[in-house]
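1. What shape does this take:
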Amino acid sequence: MTDFLLSLYPHLRALWVVWFFLLFVGMLALVLRPSKRAAYKEAGAIPLRDEPPPRRRRDSPDASR
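-> Numbering: from 1, shown residues only. You can find the predicted model right below:
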């Protein structure tokens, strides 16, 4: 049984590389969809905005954290 597994090792190693390549290409396809371009442009402009972030009120329920 061990000899059989050792004989499969080079093939499984190559399939591992193919699997990660396909996973990477799939992630790129999801991220670089044209329909998401506007959302990414808006998110990329957040650090460039002039207005300060909204301040939390002391009497809000989240202020206890």
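
2. From the chain's centroid, how far away is the helix or strand of the chain with the lowest mean pLDDT?
-> In the chain, the helix or strand scored least confidently by mean pLDDT, DSSP states H and E is helix 37-44, which has a mean of 89. How far helix 37-44 lies from its chain's middle: 15 Å, per Cα atoms, centre = their mean, to the nearest Å.

3. Dump that helix to CSV, restricted to CA.
-> What follows is helix 37-44, C-alpha atoms only, in CSV (Å, rounded to 0.1, in the frame of the first residue of the first chain):
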residue,chain,number,x,y,z
ARG,A,37,-16.1,48.4,-10.6
ALA,A,38,-18.2,51.2,-9.1
ALA,A,39,-18.2,49.6,-5.6
TYR,A,40,-14.4,49.2,-5.7
LYS,A,41,-13.9,52.8,-6.9
GLU,A,42,-16.1,54.1,-4.1
ALA,A,43,-14.2,52.0,-1.5
GLY,A,44,-10.9,53.1,-2.8
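
4. Quick one: residues contacting the residue sitting nearest the centre point of the chain.
-> For the chain, Met27 is the residue whose C-alpha lies nearest the centre (Cα atoms, centre = their mean; 7.5 Å). Residues near Met27 by Cβ atoms under 8 Å, 6 or more residues apart in numbering: none. The C-beta positions use only the backbone N, C-alpha and C, and glycine is treated the same way.

5. got the residue ranges for the helices in the chain?
-> Along the chain, the stretches classed as helices by DSSP state H are 2-31, 37-44.

6. Dump the ones you listed to CSV, plus distance to Arg57.
-> What follows is those, written out as CSV (distance: least, Cβ to Cβ, whole Å):
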stretch, distance to Arg57
helix 2-31, 36
helix 37-44, 26
